[in-house]
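Peer 1: I'd like to go over a predicted model; first the sequence, then the structure.
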Number of protein chains: 2
Amino acid sequence: MSMYGLHRVVEPAGVLPQQADRLDADPRPRPDEVVVDVERLNLDAASFRQLSEQYGSGEAVRAAVLDIVGRRGKMHNPVTGSGGMLLGTVREAGPESPLGLKPGDRVATLVSLTLTPLRITDGLANWDGRTEQVPCEGTAVLFGRSIAAVLPDDMPDHLALSVLDVCGAPALTYRVVCVAARDGDPSVLVLGGGGKSGSLSLAAARRAGASRVIALVPTEREAKAVDAVGLADEVVIADARDPVAVSKAVGGQVGVTIVCVDVPGCEHGAILATADGGTVVFFSMATSFSAAALGAEGLAADVEMIIGNGYVPGHAEFALDLIRSEPGVRELFEARERQTSQA
Amino acid sequence: MSMYGLHRVVEPAGVLPQQADRLDADPRPRPDEVVVDVERLNLDAASFRQLSEQYGSGEAVRAAVLDIVGRRGKMHNPVTGSGGMLLGTVREAGPESPLGLKPGDRVATLVSLTLTPLRITDGLANWDGRTEQVPCEGTAVLFGRSIAAVLPDDMPDHLALSVLDVCGAPALTYRVVCVAARDGDPSVLVLGGGGKSGSLSLAAARRAGASRVIALVPTEREAKAVDAVGLADEVVIADARDPVAVSKAVGGQVGVTIVCVDVPGCEHGAILATADGGTVVFFSMATSFSAAALGAEGLAADVEMIIGNGYVPGHAEFALDLIRSEPGVRELFEARERQTSQA
């Protein structure tokens, strides 16, 4: 169990690092570990919001983060249960590490900070406690089973990170649509096709051989944006939470539906839009397990429903390749960043 | 959309029957509908508990159920959101109904009461308001897409209902293990192998060609019971909520893990027990979507995770056939019923 980092668990003994109260963050790597010099922490949005609300001033938020990492050996917010990710440079890779990293590689971790041993050495002196982005000196440890992506040098960090954040979706979409193209109906509907994971999934579906790609978006404005970049054969407008509206907008049923809308209540629309024998993949973390299970039963829908696993081997490279080779995806990402920075 | 019963929705217009506040329960069938003379309602356990707590006396609970059905046209508890199922006899089948039912068939509905138009005509005079089982005269409507099973005449009603209640699990297990036997590793682990859906899933896995079937149960006592009936090649004991304990008990990793333990927190153990390229099917309604998605990512586990759909074509017949042909499954079901009636 060493590849899962069990040996780093201090308390309580015998649990996985994510469940642990406290990890050993000693920056000397075991044979299958990698140690990273940290450059920046990206706190999970929910975690940062909670800390800001609880502690108020930037100074107090900074002290709270230092306290959590000091006590727990990881940046695992005890209230929200969430973490974030980090950027850094590989300091040392153990001889048995399977990650393929070497000293000097600039990496982003794709496993949560909630299971990453972390030590902070600069007292977060360069952070004002007011942003999710935390400049930080210190060290982190990657296990044999941790996931880290080498940051590409042909695009800005912020774009690469934005892509890596959702890179599980296009990789799994590609896999599912390949199976459908072999065994079934490879027409694809992406709910939320204008978003980050949505636009990457549209491109992945087409690359996997989808016979027809439909993007469903909530507004006229977003429809125009997706239409303009040509990622879908058809763009339709509907509220993804309204099953009947989704069904009418799509017209028929598809073989594969990909759910990338991060609001609750999209399960029934996705099920209704999918033909018997088809597949629904839920990437939205707002998905309700019971709404999906009971919804399919209530509609007597013989569809396979898959929980979007954030890990698929090669997912980071695949997503970065999509953003390089599909100008339409990059355009949507950059437009979204412009919007966010204006907001 | 008529096969989903949209035409029966009175309020608000345009939603699916399950989301509706009020349905039209008129007992005259449309061409694709079936009308059933109701004999008994089985209220969902959570719904009955809530009503009992809110209203106290049996008399008041009875009045509350009558009020809900009178107002909503369905037995859809507005607090718990849950329903139950019903038993009855087919009165009339529309000429275009695809369900294959004929007048006189005794049936159990396998779709929830939350979407079944219902009219009560006897004021529930024969019910004291103190049990989930509600003797009832009235009518119910089945849509083209509703699911109902004809009750078999070679076993007691209570046994058949107990089997039908979980019949989605063995059917989907069978399908998933068949695929694994063709394309991958057909060794199978059933978490909660001693329960209703668990024991049926063990039998289904073996029938689908599993190379090895392991049952994981929480206690020595349950292990003995499962071992005695010979449904598994191996029976191991562990707390399914403890990933490391599950992993140690199972020893290696399997190709397919079926989760039938109805307590929260079994996601990580199931993922850890499953080999890369394998499949986890979650039947437990206590499954957390985010715990599964984030757990697999945190463990860098390349496993397909499926939301257990309660509907698979032919699921009722398949489960009834298992209980008839596998004495071990029937023994466990009957032992469980004896326990319940003693408790």
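Peer 2: That came through fine. This one's a predicted model, so the numbers in the text were calculated from it and none came from an experiment.

Peer 1: give me the phi and psi for A:Val79.
Peer 2: As for A:Val79, its main-chain torsions (degrees, to the nearest 10) stand at phi -90, psi -50.

Peer 1: so what's the residue count around it?
Peer 2: The burial count assigned to A:Val79 is 11, neighbours taken as other Cβ atoms under 10 Å in any protein chain shown. Using the backbone N, CA and C atoms, a C-beta is placed for each residue, glycine as well.

Peer 1: which residue is the nearest non-sequential neighbour of it?
Peer 2: Taking Cβ to Cβ, 6 or more residues apart in numbering or on different chains as the measure, A:Val79 lies nearest to A:Gln50, with 5.3 Å between them; neighbours along the chain are not counted.

Peer 1: check the one you found and give its pLDDT.
Peer 2: Note on A:Gln50: pLDDT of 94.

Peer 1: and the contacts of the helix or strand harbouring it?
Peer 2: Counting by DSSP states H and E, the element that carries A:Gln50 is helix A:45-55. Defining contact as Cβ atoms under 8 Å, 6 or more residues apart in numbering or on different chains, one finds that helix A:45-55 is touched by A:43, A:61, A:63-65, A:77, A:79-80, A:82-84, A:131-132.

Peer 1: show the model's pLDDT score for A:Thr340.
Peer 2: At A:Thr340 the predicted local confidence, pLDDT, stands at 66.

Peer 1: helices along chain A, start to end?
Peer 2: For chain A, the helices defined by DSSP state H occupy A:45-55, A:58-72, A:157-164, A:168-183, A:196-207, A:220-229, A:243-250, A:267-272, A:289-298, A:315-325, A:327-342.

Peer 1: lowest average pLDDT across the ones you listed?
Peer 2: Ranked by mean pLDDT, the helices of chain A bottom out at helix A:327-342, with a mean of 85.

Peer 1: which of the residues in that one are buried?
Peer 2: Judged by neighbour count using 16 or more other Cβ atoms under 10 Å in any protein chain shown, the buried positions of helix A:327-342 are A:Gly328, A:Val329, A:Arg330, A:Glu331, A:Leu332, A:Phe333, A:Arg336.

Peer 1: residue in the stretch 51-200 of chain A nearest to chain B?
Peer 2: Per Cβ to the nearest Cβ, the residue of the stretch 51-200 of chain A with the smallest distance to chain B is A:Arg145, at 4.5 Å.

Peer 1: tell me the domain boundaries of chain A?
Peer 2: Dividing chain A into domains by automatic domain parsing, as the record does, gives the ranges A:6-155, A:168-342.

Peer 1: now, of those, which is deepest in the fold?
Peer 2: Ranked by mean neighbour count, the domains of chain A are led by domain A:168-342 with a mean of 22 (mean count of other Cβ atoms under 10 Å in any protein chain shown).

Peer 1: who's the closest residue to A:Glu317 other than its chain neighbours bridged to?
Peer 2: Counting by Cβ to Cβ, 6+ apart, A:Glu317 lies nearest to A:Ala149, which is 7.8 Å off, once chain neighbours are set aside. Here A:Ala149 shows beta-bridge partners A:Ala108, assigned using DSSP bridges.

Peer 1: A:Ala149 against A:Ala319, yeah?
Peer 2: No - look at A:Ala149 against A:Ala319 with Cβ atoms under 8 Å: they stay out of range, at 9.1 Å.

Peer 1: what sits in contact with each of those two?
Peer 2: Residues within reach of A:Ala149 and of A:Ala319 at once, by Cβ under 8 Å, 6+ apart, are A:Leu164, A:Cys167.
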